[in-house]
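**Student:** Next come a sequence and a model predicted from it.
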Amino acid sequence: MKKIKALFFALTAILLVAMPAFAQGGTAAVEPANNSVGLKAIAAGIGFAIAVFGGALGQSRVGAAAAEGAARNPGAANKIQTMMILALALIESLVLFALLVVFTLPSK
């Protein structure tokens, strides 16, 4: 019997706390909901994942090519390293630009 009373009082307390939620009416009828914002966010996230994947593949190929070039011609290793760092910075800037697009696209 004590369990039933405790369950009853807990249920009553939950229903009383939930009452103000039912008093908040009227905003959905005045303004239609924009359901495309969530879809834009999902699409932006998938697009960013593709951009990161492409950037990672590009950076790995640049690193592999630089290591191979330095191994074939150790005298040009300094020039190869400089060009590699520049290429990696440009690839990373493209990924950061994609991140900027992800943050600005769903807000419109």
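**Tutor:** Good, I have the coordinates. Since the model is a prediction, treat every value here as computed from it, not as a measurement.

**Student:** Report the buried residues of stretch 70-80.
**Tutor:** 70, 77, 80 (16 or more other CB atoms under 10 Å). No exception for glycine: its C-beta is placed from N, CA and C like everyone else's.

**Student:** Which residues lie in contact with the last one in this structure?
**Tutor:** Spelled out, it's Ile80. 66, 69-70, 73 (CB atoms under 8 Å, 6 or more residues apart in numbering).

**Student:** what about it, which SS state?
**Tutor:** Counting by DSSP: H, G, I helix; E, B strand; the rest coil, the backbone at Ile80 sits in helix.

**Student:** measure it to Ala66 for me?
**Tutor:** Taking CB to CB, to the nearest Å as the measure, Ile80 falls 5 Å from Ala66.

**Student:** Kindly report the same for Ala51.
**Tutor:** 22 Å.

**Student:** any idea of the mean pLDDT in the longest helix seen in the chain?
**Tutor:** Looking across the chain with DSSP state H, the single longest helix is helix 36-72. Mean pLDDT, helix 36-72: 89.

**Student:** which strands and helices sit next to it?
**Tutor:** helix 77-104 (3 or more CB pairs under 8 Å, 6 or more residues apart in numbering; DSSP states H and E).

**Student:** Fine, thanks again, bye for now.
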